[in-house]
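In: Coordinates for the following, if possible.
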Amino acid sequence: MFLRNSWYVAAWDREIANGPGRRPLARMILGEPIVLYRQEDGKPVALEDRCCHRHLPLSLGRLEGDTLRCGYHGLRFDAGGRCVEIPGQPQIPPDAAIRSYPLVERFHWVWIWMGDPKRADPALIPNWWWADHPDWACARPDMLPVACNYQLINDNVLDVTHLVYVHASSIGNPSINDFPATTEREGNLVRLTRWIIDRPAPPMYQAAGKFAGNVDRWQIVEHVPPCFSVNFAGCAATGTGAPQGDRSHGIELMALSAPTPETDRTTHYFFQFPRKFGLGDAALDKVFNTDFVAVFREDVAVLEAQQRMMELKPFAPSVAIKVDAAPLAARRLLERMIAEEEPPRDSAWPSG
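Out: Alright, predicted model coming up:
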C-alpha cells in the first residue's frame with residue numbers, strides 16, 4: 001500500500017512552532033501517528049505519537065526543554081525516543097522507548113523518512129531547487145487535507161486533459177485535446193509531454209502574460225514515486241521559439257506536488273508554485289497564493305467524489321483510455337517498488 005523507504009513531506013516549516021510558542025504537532029503519516037516539535041535550538045524532531053506506558057498520544061503532553069512529557073503519567077522522552085524520566089521511580093525499564101524518525105528541512109518543508117532509518121539519505125529528496133532560488137518567486141500555500149487515496153492525486157497530476165473540463169474557467173482550454181501527449185520512462189521517472197501550438201492562452205495565463213495573439217503552450221509533468229510530481233507549465237508568443245527551448249518570450253511556471261498519505265483513504269496535499277516572472281508583483285502573488293489554490297480545490301472536489309464512489313462499489317469495472325498511459329506507468333512503477341521493498345510492510349523498523 002505504501003512505500004516505506006522514502007521521504008515524505010511531514011509539514012511546512014512554519015507549522016512546527018519555534019521559540020516561546022513551541023508546542024507539539026500531531027500528524028498521521030502512512031497510517032502511523034507522528035508527533036513533531038522543535039528543540040530549543042530550532043531543530044525539528046519526529047517521534048511516534050504514543051507513550052509506551054498507556055498509549056496516550058504524546059502530542060497531548062508538553063515540551064520541557066528538548067524533551068516531551070506525557071500528559072497522563074509524566075513519562076519524559078528525549079529527541080531520540082528514549083524515556084529519560086519516570087516520576088516516582090528511579091529505574092527506567094530498558095524497553096521504555098518509542099520510535100524516532102529522521103527529518104530534513106528543505107524548500108520550507110520538513111521531510112520525514114518512514115522506513116529503515118539507516119537508508120535515510122537526504123540526497124533522495126527531490127531536487128526542487130526552484131522553490132528556493134532568487135530568480136524564482138514561489139507561492140507556498142497551506143496544505144490541503146483531501147479525503148482520497150494519494151494515488152488518485154498522482155493520477156490527476158499526470159493527466160492534464162482533465163483541465164479542459166475541471167478547470168475550464170482558469171487554466172483549461174479545449175485545444176488541449178487537439179495535441180497528443182507522449183509518455184516516457186527514465187529509470188524511476190515517468191514523464192508526460194504535450195505541446196499546444198498556436199492556440200489562445202487559457203484565461204489565467206492570458207491575465208498573467210497579456211499576450212497579443214496566440215501562444216505555444218507546454219505541459220510537461222515529471223513524476224517520481226511514491227508521490228513527487230513537477231508540472232512544468234507555461235506559454236510564449238507563437239513563433240518565438242518555445243518548442244525549440246527559448247521560453248523567454250512568455251511566462252514560465254510550475255506546480256510542485258507532494259501528496260503525503262495520511263491513511264489509505266486520506267491525504268495531506270502539499271504543493272508550491274514557483275514562477276519565473278512577475279517577481280515582487282503583489283497582484284501575481286495573490287494569483288498564485290489564492291487563485292491557483294482555488295484551481296486545486298476544483299481538483300479536490302473531483303478526487304473526493306471519486307473516492308466516495310470507489311468505496312461505495314469497490315469492485316465496479318473500470319476501463320483504461322489513452323490519457324491513462326502516464327498514470328498507469330506511474331502506478332506500475334510504484335507497485336514494483338513496494339513489492340521489492342524489504343522488510344515486509346507490517347514489520348517494525350528500528351528507531352532512528
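
In: ok, residue 269 - contacts?
Out: 143-146, 153, 257, 259-260, 296, 300 (Cβ atoms under 8 Å, 6 or more residues apart in numbering). (Glycine included, C-beta is placed from N, CA and C.)

In: quick one: buried residues of stretch 199-219?
Out: Within stretch 199-219, the residues that count as buried by 16 or more other Cβ atoms under 10 Å are 199-202, 204-205, 208-209, 211, 214-219.

In: out of these, which are inside strands?
Out: 199, 215-219 (DSSP state E).

In: Any idea which of the buried residues of stretch 199-219 the model trusts least?
Out: Among the buried residues of stretch 199-219, residue 204 carries the lowest pLDDT, at 77.

In: ok, now how distant is it from residue 287?
Out: Using Cβ to Cβ, to the nearest Å, residue 204 is found at 7 Å from residue 287.

In: just residue 34 next, same as before
Out: Residue 34 sits 34 Å away from residue 287, going by Cβ to Cβ.

In: what residue ranges in the stretch 101-250 of the chain score low on pLDDT?
Out: Applying pLDDT under 70 to the stretch 101-250 of the chain flags the ranges 163-165, 167-173, 175.

In: Have a look at residue 34 and residue 287 and say which one is more surrounded.
Out: Comparing residue 34 with residue 287 by other Cβ atoms under 10 Å, the one with more neighbours is residue 34, at 23 against 18.

In: which residues sit against the helix or strand containing that one?
Out: Using DSSP states H and E, residue 34 falls within strand 32-38. If you take Cβ under 8 Å, 6+ apart as the criterion, strand 32-38 is touched by 10-11, 15-18, 22-28, 44-50, 57-59, 63, 68, 101, 110, 112, 114.

In: Quick check: the residue nearest to the spatial centre of the chain vs residue 273, distance?
Out: Central residue of the chain (Cα atoms, centre = their mean): residue 258, 1.5 Å from the mean position. Using Cβ to Cβ, residue 258 is found at 13 Å from residue 273.

In: What about residue 265, how many residues nearby?
Out: Residue 265, neighbours per other Cβ under 10 Å, totals 14.

In: Run a quick check on it versus residue 149, I expect a contact.
Out: Yes. With contact defined as Cβ atoms under 8 Å, residue 265 counts as touching residue 149 (6.2 Å).

In: What are the boundaries of the helices in the stretch 51-200 of the chain?
Out: Here the stretch 51-200 of the chain has its helices, by DSSP state H, counting those that start in this stretch, at 150-157, 163-166.

In: I'd like to know how many residues surround residue 286.
Out: Other residues near residue 286 number 12, with proximity taken as other Cβ under 10 Å.

In: Can you classify it by secondary structure?
Out: Following DSSP: H, G, I helix; E, B strand; the rest coil, we place residue 286 in the helix state.

In: Which pLDDT does the model give it?
Out: Listed pLDDT for residue 286 reads 85.

In: separation between it and residue 292?
Out: To residue 292, residue 286 is 10 Å away according to Cβ to Cβ.

In: likewise residue 131?
Out: Distance, residue 131 to residue 292, by Cβ to Cβ: 15 Å.

In: thought residue 116 was touching residue 5?
Out: Yes. With contact defined as Cβ under 8 Å, residue 116 reaches residue 5; the gap is 6.0 Å.

In: State the number of residues packed around residue 262.
Out: 21.

In: same deal with residue 129?
Out: The number of residues packed near residue 129 is 11, by other Cβ under 10 Å.

In: how close does it get to residue 52?
Out: 40 Å.

In: cool, residue 59 as well?
Out: 15 Å.

In: Across the sheet, point out what pairs with residue 63.
Out: residue 68 (DSSP bridges).

In: hang on, the earlier thing: what sits in contact with each of residue 265 and residue 149?
Out: Both residue 265 and residue 149 are contacted by residue 307, under the criterion Cβ under 8 Å, 6+ apart.

In: quick one: residue 238 and residue 201 touch, right?
Out: No. With contact defined as Cβ under 8 Å, residue 238 does not reach residue 201; the gap is 10.1 Å.

In: Correct me if wrong, but residue 302 is in a strand.
Out: No. Residue 302 is assigned helix when assessed by three-state DSSP, not a strand.

In: Now do the same contact list for it.
Out: 156, 162, 166.

In: From the contacts of strand 32-38, list the buried ones, please.
Out: Buried residues within the contacts of strand 32-38, counting neighbours by 16+ other Cβ under 10 Å: 10-11, 16, 18, 22, 24-25, 27, 44-50, 57-59, 63, 68, 101, 110, 112, 114.

In: Would you state the secondary structure element containing residue 310?
Out: Counting by DSSP H and E, residue 310 is found in helix 292-312.

In: Going by neighbour count, list what's buried in that helix.
Out: Across helix 292-312, burial judged by 16+ other Cβ under 10 Å covers 292, 295-296, 298-300, 303, 307, 310.
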